[in-house]
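Asker: A structural model of the following input is requested.
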Amino acid sequence: MNSDAATLETDNKDLIATPTHTPQLQAFRDIVESRRSVRRFTDTPIPDDVLADCLRLAMLAPNSSNLQPWEFYVIDDAENKKRAIKNCMNQNAAKTSARLIAIVARTDIWHDHAQQVLREYPDQPVPKKVKDYYNKVVTMDFLRGPANVVSAAKWGATQVVRRVKGPIKSPYYTFEDTKNWATNNTSLAAENLMLALRAHGFDSCAMGGFDEPAMKRLLGLGDDQHIIMMIGAGERADNGVYNTQFRFDQTQFVHYV
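Answerer: Residues are numbered from 1 along each chain as shown. Model (predicted):
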């Protein structure tokens, strides 16, 4: 290793947080504490390279088995955005946004993504336990079969294992199970996106008030694509935050057992 590489490695280690070394803690606090649901934005655009970086950071969110069941639809076309704003009930957060983004969870791509993980796995050759996991464990976790016949068999096997061996992760028995899985994972990516926008000096508003069937028609989405939220993003206007921020007492929700 040359001296420049050694210096870079040392510098990078200085940036990695440990229990006794938290170089980014205050910056992270500032991002989280300054993030607000902003409902009015200025005319300042979000540059393409900034949005691309925010989306890249969004997709670094934790997700189950790295199956990444998410999609992001950036609605830039003027006519499409006009229709999307109407589908968002003409909320100010949509009307004034510099970028309007649909956050979509997919329930139909777990198998394709499992195979993509194996194709793109960084350590070659792919270890056998990794192949077995994605080819067997993931398949059995999601597979339901015609008329849910596989789900019924999985349910019975799971009950037996619980009685004989103890705790076992519940497989996904129904379409709703898979939808919840995809939604949960995609929500993590959406939070990353909102924090990334704040770190770049922009703001966002996550909107649940929209006509999903109409928005799906606009975006050409199928039955296995679910819009979990719309995000309006842009530079915060002076009147963009409507209310004083507050949260309930932490002790109401945190229980040590």
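Asker: just the helices in the chain please.
Answerer: In chain order, the chain shows helices spanning 3-15, 25-34, 48-58, 78-87, 92-95, 110-120, 128-132, 138-142, 149-164, 175-199, 212-219, with DSSP state H as the criterion.
Asker: between those, which gets nearest to Glu71?
Answerer: Closest to Glu71 of those is helix 175-199 (CB to CB; 8.3 Å). Backbone N, C-alpha and C define where each C-beta goes, glycine included.
Asker: list the buried ones in that closest one?
Answerer: Buried residues in helix 175-199, defined by neighbour count with 16 or more other CB atoms under 10 Å: 177-179, 181-183, 185-187, 189-190, 192-199.
Asker: measure the residue nearest to the spatial centre of the chain to Ile103 for me?
Answerer: Nearest to the centroid of the C-alpha atoms of the chain, with distances taken as CA atoms, centre = their mean, sits Ala189, at 1.9 Å. Plainly put, Ala189 is 7 Å away from Ile103 if you go by CB to CB, to the nearest Å.
Asker: overlap in contacts of the two?
Answerer: Overlap of the contact sets of Ala189 and Ile103 (by CB atoms under 8 Å, 6 or more residues apart in numbering) consists of Trp70.
Asker: count of neighbours near the closest residue to Ser151 other than its chain neighbours?
Answerer: The shortest distance from Ser151 to any residue other than its chain neighbours is 4.3 Å, reached at Tyr173 (CB to CB, 6 or more residues apart in numbering). Using other CB atoms under 10 Å, Tyr173 has 16 neighbouring residues.
Asker: From what I see, Tyr173 and Trp155 are in contact.
Answerer: Yes - with contact defined as CB atoms under 8 Å, Tyr173 reaches Trp155; the gap is 6.0 Å.
Asker: low-confidence ranges in this structure?
Answerer: Within the chain, the stretches with pLDDT under 70 are 1-11.
Asker: again, only using 80
Answerer: 1-13, 147-149, 152-158, 160-161, 168, 171, 173 (pLDDT under 80).
Asker: State which strand of it is the longest.
Answerer: Among all segments of the chain classified by DSSP state E, the strand with the greatest residue count is strand 225-234.
Asker: Determine the angle, from 0 to 180 degrees, between that strand and helix 48-58.
Answerer: With axes from the mean of the first three to the mean of the last three CA atoms, to 10 degrees applied, the angle from strand 225-234 to helix 48-58 works out at 130 degrees.
Asker: angle of strand 225-234 against helix 78-87?
Answerer: Using the same axes, to 10 degrees: strand 225-234 against helix 78-87 is 100 degrees.
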